[in-house]
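S.K.: Pasting the sequence and the predicted coordinates here, then a few questions.
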Amino acid sequence: MEFSVLISIYQREKPQYLKQALDSLYAQIVPPSEVVIVEDGPLTDGLHAVINAFSTQHPTKIVRLPHNQGLGKALREGLKHCRFPIVARMDSDDICMPRRFEKQLSIMENTKVDIVGSWIDEFSGSKRHVVSTRKVPEFQAEILRFARHRNPMNHPTVMFRKQVIEAIGSYQDLKLFEDYDLWVRALQAGATFYNLQESLLWFRLSPEAFQRRGGLNYIKKEIRFQRRLHRYGFIGLWNMLQNIFIRSIIRLLPNKIRKYIYIFSIHR
């Protein structure tokens, strides 16, 4: 089965991380048929060098946006350029495990699943230094329940049917919540989900990762998103208030405590 890989890149990415991410796509037992790279605004010379070297060796389509528009808009545009009916997401600083696409394609080929993901191993520095695993539920009913409180899919691991995603309006411009919003709309539209109960991707944790997940600005965005879920009819008023309360506390905690909660509690 032929499939596309969709990646968005912006200028603050590190060339060495991008190279590792791209190399992992063709270290697969089943490599992609094409890679669609969205350049979300002008990039550095180092990033261009990595992309140019990669595109001379592998089937690559480059979509250039004149200025940085954010992940939601970049992926929305990039998806239009994916040739194949199956699309796999990938971030520009993570590393696919060698059997990722083989295992996900097996699900897509042999079931009616529309969106398949997996767990992730979160690492710091080297992929040999895994600090936590983000586990997500396996089956549809569990995923639906989980989604009322937390994001039920690990976005960089997801493979989906392009037609299903386009039918619900594709990615929206919703900073920090582009993927969560997409999964909720897909669940409400009746799309079928599945998560493989193993890690298929090494997810890079930057030193700033937990710092970015705190503060009043993050809380404001989170409140707006929870209100959006309530407007969708996906969560009730009590569920919305509970989610806002719990998340606001976590966002206001000192960074070291927030990191501990994520790694040793939320991400088991």
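M.R.: Sure, I can see it.
S.K.: Can you name the next helix or strand after the lowest-mean-pLDDT helix or strand in the chain?
M.R.: Lowest by mean pLDDT, DSSP states H and E among the helices and strands of the chain is helix 209-212, with a mean of 60. Using DSSP states H and E, the helix or strand that follows helix 209-212 in sequence is helix 216-232.
S.K.: ok, and what's touching that following helix?
M.R.: 174-177, 180-181, 184-185, 188, 212, 235-237, 240, 243-244, 247-248, 251-252 (C-beta atoms under 8 Å, 6 or more residues apart in numbering). C-beta coordinates here come from the backbone N, C-alpha and C atoms, glycine included.
S.K.: got it, and stretch 39-56?
M.R.: Contacts of stretch 39-56 (C-beta under 8 Å, 6+ apart): 8-11, 13, 15, 18-19, 22, 35, 37, 60, 62-71, 74.
S.K.: If we use 6 Å, what do you get?
M.R.: 8-11, 15, 18-19, 22, 64-65, 67-68, 74 (C-beta atoms under 6 Å, 6 or more residues apart in numbering).
S.K.: Just the helices from the stretch 51-200 of the chain, written as ranges.
M.R.: 71-80, 100-110, 140-147, 162-167, 178-188 (DSSP state H, counting those that start in this stretch).
S.K.: Could you find the closest non-adjacent residue to residue 89?
M.R.: residue 158 (4.8 Å; C-beta to C-beta, 6 or more residues apart in numbering).
S.K.: Give me the neighbour count for residue 256.
M.R.: Residue 256 has 9 neighbours, counted by other C-beta atoms under 10 Å.
S.K.: any idea of the mean pLDDT in the helix or strand where it lies?
M.R.: Here residue 256, judged by DSSP H and E, is contained in helix 255-261. The average of the pLDDT scores along helix 255-261 is 67.
S.K.: Ok, stretch 126-137 next?
M.R.: Rounded mean pLDDT across stretch 126-137 is 91.
S.K.: buried set for that stretch?
M.R.: 127, 130, 132, 134-137 (16 or more other C-beta atoms under 10 Å).
S.K.: Mind putting the residues you listed into a markdown table with distance to residue 193?
M.R.: Below are the buried residues of stretch 126-137 laid out as a markdown table (distance: C-beta to C-beta, whole Å):
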| residue | distance to residue 193 |
| --- | --- |
| 127 | 27 |
| 130 | 25 |
| 132 | 23 |
| 134 | 16 |
| 135 | 15 |
| 136 | 10 |
| 137 | 9 |
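S.K.: from those, which two are the most distant?
M.R.: 127 and 137 (24.7 Å; C-beta to C-beta).
S.K.: thinking again about what came up before, got a ChimeraX select line for the buried ones in the contacts of helix 216-232?
M.R.: Burial among the contacts of helix 216-232 is assessed by 16+ other C-beta under 10 Å; the matching ChimeraX selection reads:
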select :174,176,177,180,181,184,185,235,240,243,244,247,251
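S.K.: Mark out where each domain of this protein begins and ends.
M.R.: What automatic domain parsing lists as the domains of the chain is 3-206, 211-266.
S.K.: Okay, now the unreliable bits of the stretch 151-268 of the chain?
M.R.: Low-confidence segments of the stretch 151-268 of the chain (pLDDT under 70): 207-214, 255, 257-268.
S.K.: rerun that using 90 as the cut-off
M.R.: 205-218, 246-268 (pLDDT under 90).
S.K.: now do the stretch 1-150 of the chain
M.R.: Low-confidence segments of the stretch 1-150 of the chain (pLDDT under 90): 1, 124-129, 131-132.
S.K.: can you count the residues close to residue 57?
M.R.: 9.
S.K.: which residue sits closest to it, ignoring its sequence neighbours?
M.R.: Residue 57's closest residue in space is residue 26 (C-beta to C-beta, 6+ apart), at 8.0 Å.
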